[in-house]
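Asks: What shape does this take:
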Amino acid sequence: MTRPVRIGCSGWNYDDWRGRLYPQGMGPSRWLPRYAEVFDTVEVNATFYRLPSLNGVERWVEQTPDDFVFSVKASRYLTHVRRLRDLGDGLERYYERIEPLVRSGKLGPVVWQLPPNFRRDDERLSDVLAALPPGRHLAVTHPAVVRAAVGYALDAPGAYPRVDVPPLGHVDISGFNGRWNLRVGAFVNSREEVAGR
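Replies: Numbering: from 1, shown residues only. Presented below is the predicted three-dimensional model:
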């Protein structure tokens, strides 16, 4: 099965893109539509730090083409506070807020950025998969979990822009201070997939 490779960035709301991607004088409320003229996907990191408003997510949907894909980070409450345990209400609140993306078909992977000291726990990961809404998968970028899922990971910080590469999952590339970093992640779709790796 052939699937598209999508190339995008981690966010679109950067002041230093004025005069480069965004013409001088273009207000921030018009940045996402302009970004979507150049890229067909974006990773939303803000969802890691706080739940977005329904109205804000509806605007994302309205301001992007039908085939645009949003990769959103799971809430740090789920990953760093709850540490993938007892996610019921928190997971439900999270998906309520991103529901416009689900309804529109624009929701891509939900990236679960786990704490650096997280230890591989197949049972916990399996419980998370069982709790996800039907048809949803998660992209895990933690080296211990990725190694279990695909047999290897390139341990490097950073991850921008994001390149989704099915069936591997995604490859994150970042550049700063003249250096490039690469991190490979895996999509995990079912309990069987966790048990089989």
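
Asks: Could you look up the SS state of residue 9?
Replies: For residue 9, the assignment made with DSSP: H, G, I helix; E, B strand; the rest coil gives strand.

Asks: you'd agree it is up against residue 43?
Replies: Yes - if you go by C-beta atoms under 8 Å, residue 9 and residue 43 touch, sitting 7.3 Å apart. C-beta coordinates here come from the backbone N, C-alpha and C atoms, glycine included.

Asks: Those two: who's more crowded?
Replies: Taking neighbours as other C-beta atoms under 10 Å, residue 9 and residue 43 compare with residue 43 leading, 27 against 17.

Asks: what ranges do the strands span in this protein?
Replies: 6-10, 41-44, 69-73, 107-112, 138-140, 162-165, 169-176, 179-188 (DSSP state E).

Asks: Worst mean pLDDT among those?
Replies: Confidence, taken as mean pLDDT, is least for strand 162-165 of the strands of the chain (a mean of 37).

Asks: Now residue 48: closest residue in space, sequence neighbours ignored.
Replies: residue 73 (3.8 Å; C-beta to C-beta, 6 or more residues apart in numbering).

Asks: In contact with the one you found, which residues?
Replies: Counting by C-beta atoms under 8 Å, 6 or more residues apart in numbering, residue 73 makes contact with 43-45, 47-48, 110-113.

Asks: How much space separates residue 93 from residue 7?
Replies: The gap separating residue 93 from residue 7 is 31 Å, by C-beta to C-beta, to the nearest Å.

Asks: same question but for residue 44, I mixed them up
Replies: 16 Å.

Asks: neighbour-wise, which of the two wins?
Replies: Neighbour totals were compared for residue 44 and residue 7, and residue 44 leads with 20 against 14 (other C-beta under 10 Å).

Asks: bridging residues for the closest residue in space to that one that isn't next to it in sequence?
Replies: Using C-beta to C-beta, 6+ apart and skipping the chain neighbours, the partner closest in space to residue 44 is residue 72 (4.6 Å). Residue 72 forms beta bridges with residue 44, residue 110, as assigned by DSSP bridges.

Asks: number of nearby residues for residue 72?
Replies: Per other C-beta under 10 Å, the neighbour tally for residue 72 reads 24.

Asks: where in this protein is pLDDT low?
Replies: Applying pLDDT under 70 to the chain flags residues 1-4, 134-197.

Asks: residues in contact with residue 84?
Replies: Contacts of residue 84 (C-beta under 8 Å, 6+ apart): 78, 112, 114, 121, 124-125, 127-128.

Asks: Likewise for residue 13?
Replies: 28, 31.

Asks: which residues touch residue 47?
Replies: Residue 47 neighbours (C-beta under 8 Å, 6+ apart): 72-75, 94, 97-98.

Asks: Which one of these is nearest to residue 88?
Replies: residue 94 (11.0 Å; C-beta to C-beta).

Asks: how many other residues sit next to the closest residue to residue 85 other than its chain neighbours?
Replies: Excluding its sequence neighbours, the residue lying closest to residue 85 (C-beta to C-beta, 6+ apart) is residue 124, at 6.7 Å. By other C-beta under 10 Å, the residues close to residue 124 number 16.
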